[in-house]
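Peer 1: Predicted model, plus sequence, below.
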Amino acid sequence: MVAAGIFLSRIVGLVRNAVFAHFFGLSWAADAFNGAFRIPNLLQNLFGEGALSASFIPVYAGLLAEGKREEARRVAGAVAAILSLGVALLVLLGVAATPWLIDLITPGFTGEKRALTVRLVRILFPGAGVFVVSALCLGVLNSHRRFFLSYAAPVLWNVAMIGCLLAAGPRSSLAELAVWLAWASVGGAVLQLAVQLPSVLRLNDGLPLVLDAASAQVRTIGRNFLPALVGRGAAQFSAYVDVFLASFLPNGAVAALTAAQNVYMLPISLFGISVSAAELPAMSGARGDLGEVAAYLRQRLEAGLRQIAFFVVPSAVALAALGHMIAQVLYQRGRFTAEDSRYVWAILAGSAVGLLAATLGRLYSSTFYALRDTRTPLRYALLRVGLSVVLGFALVLWAPTVLGVPPRWGAVGLTLASGAAGWVEFLLLRRVLRARIGATRPGGTYLLRLWGAGAAGAGAGWGVLLGLRRLLPATPAVVEGVAVLGTFGLVYLLCTVAMGIPQARALAARLGRRP
């Protein structure tokens with residue numbers, strides 16, 4: 001249900017990105033909007049789903065598992081009150097400090113681009129505060145095993161922005177359209193919260209909004225929240241360093257990086273976040289002695305790792321081998337050209353390096369959170385960020401000169417750096433968790449079979465592409481892309497079914513089941 005909700009919201013999000021690309025392309029206004037959205041998005045990501053889930057769900061779900069529903073209700077109300085007050089203050093501070101934030105995050109923006117970015121940030125900040133409160137709703141709903149609504153709710157946010165683009169796009173300048181789109185984002189955030197709030201209130205018979213910091217459970221959430229917050233802050237710092245560096249590259253680099261991130265975040269969300277989100281409340285409810293808890297966590301972790309790998313391995317292969325087809329299907333229309341698709345493909349290929357590590361690492365982090373340990377993931381998140389920043393500076397600022405390529409290709413180095421650092425983090429998390437609960441891994445042979453099936457799918461996809469371009473050169477770009485990517489997916493599934501991969505056979509059975 002988590003994956004279904006995320007899939008629905010991400011697909012609508014990709015439609016939003018495609019409509020955005022149609023009207024904005026890789027223009028200066030696209031850079032301004034994407035750069036502006038990153039700044040208030042910091043508030044959402046710091047205080048939102050990641051940090052809040054890591055600290056709130058283990059405590060709240062644990063109380064529910066023990067049958068202490070009234071205490072869980074009071075804890076949720078106290079957290080809601082404290083969170084709302086803190087976020088309101090941060091939103092006010094962010095709006096006031098916007099010009100300094102712009103100079104800090106996107107110092108390469110000047111003139112009209114900088115002025116538009118400042119205006120957009122001030123519009124977007126209140127919406128980010130609403131998103132943070134929505135994250136608390138997600139934590140409550142997930143703990144009650146109500147997974148679909150909270151992950152499908154962003155559909156309303158995306159629909160609001162799509163509607164704005166379609167209504168205002170044909171008759172507005174790029175700067176005007178960016179402003180209208182920012183207001184639509186705020187309205188969509190309110191809709192996203194409004195659709196979840198009734199279920200949260202019904203499950204808890206209302207939330208008593210009391211600033212109760214004396215509760216032992218609330219203090220536990222606070223103690224666990226701070227390391228999770230710093231960990232999320234470290235990850236956000238890395239993302240903002242990416243924008244910082246990309247802002248010095250030629251026009252279009254920030255927009256291209258954002259377009260690529262919207263694509264490679266899809267498998268991370270669908271498979272890494274979905275499995276991790278579903279497992280966190282289940283793992284948090286583990287009861288028994290240390291040996292029983294460890295055995296239970298190993299069982300769930302190994303099953304989750306295999307499930308994630310089955311979908312993420314072909315995703316990484318597709319990004320590396322067929323990324324231009326993905327960009328072509330999603331973006332190549334209006335102002336977004338074939339050359340832009342190839343530029344995004346290069347960035348996607350860099351992201352493929354660390355895709356498996358990023359998704360598997362999320363499940364390992366969730367296991368630590370279930371053990372109420374937010375400090376171990378924090379340490380390795382800080383290490384990952386440090387490595388990615390150092391590598392990013394080298395690959396963005398120096399590598400193009402050394403390799404003799406145009407500076408714009410330095411954007412590829414950002415995703416390569418993040419991928420390499422992600423593998424370091426994943427391996428360290430796995431080593432420490434092995435010492436606590438025992439060895440867990442997908443299995444080397446299992447992964448080799450998946451990579452082999454992915455390579456076969458990529459080869460078949462390229463065969464279809466070359467055949468279409470030779471025999472039917474007038475094939476529309478979208479039709480060509482769908483044919484190539486569809487062939488890739490079908491061949492991967494057939495190969496894994498033939499290899500006896502349990503996840504493949506289960507998927508094939510579901511696809512073949514008649515209603």
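Peer 2: In hand now; what should we look at?
Peer 1: which residues sit in contact with the closest residue in space to residue 409 that isn't next to it in sequence?
Peer 2: Of all residues beyond its chain neighbours, the one nearest residue 409 is residue 400 (5.6 Å), with distances taken as Cβ to Cβ, 6 or more residues apart in numbering. For the C-beta atoms, the positions are set from N, CA and C on the backbone; glycine is no exception. The neighbours of residue 400, taking Cβ atoms under 8 Å, 6 or more residues apart in numbering as the test, are 406, 407, 409, 410.
Peer 1: and residue 400, how far is that from residue 392?
Peer 2: Distance of residue 400 to residue 392, given as Cβ to Cβ, to the nearest Å: 13 Å.
Peer 1: so residue 53 touches residue 277, yeah?
Peer 2: Yes. Counting by Cβ atoms under 8 Å, a contact exists between residue 53 and residue 277, whose distance comes to 7.2 Å.
Peer 1: Which pLDDT value belongs to residue 332?
Peer 2: Per-residue confidence (pLDDT) for residue 332: 82.
Peer 1: actually residue 250, not the one I typed
Peer 2: Reading off the confidence values, residue 250 has pLDDT 77.
Peer 1: same question, residue 44
Peer 2: Among the per-residue scores, residue 44 holds a pLDDT of 64.
Peer 1: sorry, back to before: which residue of residue 53 and residue 277 possesses the greater neighbour count?
Peer 2: When residue 53 is set against residue 277 and neighbours are counted by other Cβ atoms under 10 Å, the residue ahead is residue 277, at 27 against 24.
Peer 1: now stretch 117-137: mean pLDDT?
Peer 2: Confidence over stretch 117-137, taken as the mean pLDDT, stands at 85.
Peer 1: chain center to that stretch, what's the gap?
Peer 2: In terms of Cα atoms, centre = their mean, to the nearest Å, the gap separating the centre of stretch 117-137 from the centre of its chain is 17 Å.
Peer 1: List the buried residues of it.
Peer 2: 117-137 (16 or more other Cβ atoms under 10 Å).
Peer 1: just to revisit the earlier point, quick check: neighbours shared by residue 53 and residue 277?
Peer 2: Common neighbours of residue 53 and residue 277, counting by Cβ under 8 Å, 6+ apart, are residue 142.
Peer 1: Give me the domain ranges for this protein.
Peer 2: According to the domain assignment given by automatic domain parsing, the chain is divided into the following structural domains: 2-442, 443-515.
Peer 1: Identify, out of those domains, the most deeply packed stretch.
Peer 2: Neighbour counts averaged per stretch over these are highest for domain 2-442, at a mean of 20; criterion: mean count of other Cβ atoms under 10 Å.
Peer 1: First-to-last residue distance for that domain?
Peer 2: This stretch, domain 2-442, spans 21 Å end to end (Cα to Cα, to the nearest Å).
Peer 1: that older thread, compare the domains of the chain and say which comes out lowest on pLDDT.
Peer 2: domain 2-442 (a mean of 83).
Peer 1: any chance you could read off phi and psi for residue 271?
Peer 2: Summarising the backbone geometry of residue 271 under the convention degrees, to the nearest 10, its torsions are phi -110, psi -40.
Peer 1: Nearest spatial neighbour of it, chain-adjacent residues omitted?
Peer 2: Residue nearest to residue 271 in three dimensions, not counting chain neighbours: residue 311, with 4.4 Å by Cβ to Cβ, 6+ apart.
Peer 1: and that neighbour, which of the three is it?
Peer 2: Secondary structure of residue 311, reduced to three states by DSSP: H, G, I helix; E, B strand; the rest coil: helix.
Peer 1: Enumerate every residue touching it.
Peer 2: If you count contacts by Cβ under 8 Å, 6+ apart, then residue 311 has 267, 270, 271 around it.
Peer 1: mind checking how far it is from residue 487?
Peer 2: The gap separating residue 311 from residue 487 is 18 Å, by Cβ to Cβ.
Peer 1: Same question for residue 1.
Peer 2: Here the criterion is Cβ to Cβ. By it, residue 1 lies 30 Å from residue 487.
Peer 1: again, but for residue 160
Peer 2: Following Cβ to Cβ, the distance that separates residue 160 from residue 487 is 35 Å.
Peer 1: what packs against the helix or strand where residue 199 lies?
Peer 2: Element membership for residue 199 (DSSP states H and E) is helix 174-203. With contacts defined as 3 or more Cβ pairs under 8 Å, 6 or more residues apart in numbering; DSSP states H and E, helix 174-203 has these neighbours: helix 2-24, helix 28-47, helix 111-143, helix 148-152, helix 154-168.
Peer 1: try 6 Å this time
Peer 2: Contact here means 3 or more Cβ pairs under 6 Å, 6 or more residues apart in numbering; DSSP states H and E; on that basis helix 174-203 packs against helix 28-47, helix 111-143, helix 154-168.
Peer 1: Can you classify the closest residue in space to residue 468 that isn't next to it in sequence by secondary structure?
Peer 2: Counting by Cβ to Cβ, 6+ apart, residue 468 lies nearest to residue 475, which is 5.1 Å off, once chain neighbours are set aside. Classification of residue 475 by three-state DSSP places it in coil.
Peer 1: Would you report the backbone torsion angles of the nearest residue in space to residue 337 that is not next to it in sequence?
Peer 2: Distance criterion Cβ to Cβ, 6+ apart; nearest residue to residue 337, sequence neighbours excluded, is residue 25 at 7.7 Å. Main-chain dihedrals, residue 25, degrees, to the nearest 10: phi 60, psi -140.
Peer 1: Pretty sure residue 25 sits against residue 336.
Peer 2: Yes. If you go by Cβ atoms under 6 Å, residue 25 and residue 336 touch, sitting 5.1 Å apart.
Peer 1: The residue lying closest to residue 154 once chain neighbours are set aside: what's it in contact with?
Peer 2: Once flanking residues are discounted, residue 154 sits nearest to residue 9: 4.1 Å by Cβ to Cβ, 6+ apart. For residue 9, the contacting residues are 152, 154, 155, by Cβ atoms under 6 Å, 6 or more residues apart in numbering.
Peer 1: Let's see that with 8 Å instead.
Peer 2: With contact set as Cβ under 8 Å, 6+ apart, residue 9 has these partners: 151, 152, 153, 154, 155, 158.
Peer 1: In terms of distance to residue 213, which of these ranks first?
Peer 2: The shortest distance between residue 213 and any of those, using Cβ to Cβ, involves residue 153 and amounts to 28.8 Å.
Peer 1: gap between that closest one and residue 138?
Peer 2: Distance, residue 153 to residue 138, by Cβ to Cβ: 8 Å.
Peer 1: Return every residue with contacts to both of the two.
Peer 2: Shared contacts of residue 153 and residue 138 (Cβ under 8 Å, 6+ apart): residue 196.
Peer 1: Skipping adjacent residues, who's closest to residue 191 in space?
Peer 2: Once its chain neighbours are removed from consideration, residue 191 has its nearest residue in residue 156; the separation is 4.1 Å (Cβ to Cβ, 6+ apart).
Peer 1: Next: residue 377.
Peer 2: Among residues not flanking residue 377 along the chain, residue 365 sits closest, at 4.4 Å (Cβ to Cβ, 6+ apart).
Peer 1: Surely that neighbour and residue 378 touch.
Peer 2: No. With contacts defined as Cβ under 8 Å, residue 365 does not count as touching residue 378, sitting 9.6 Å away.
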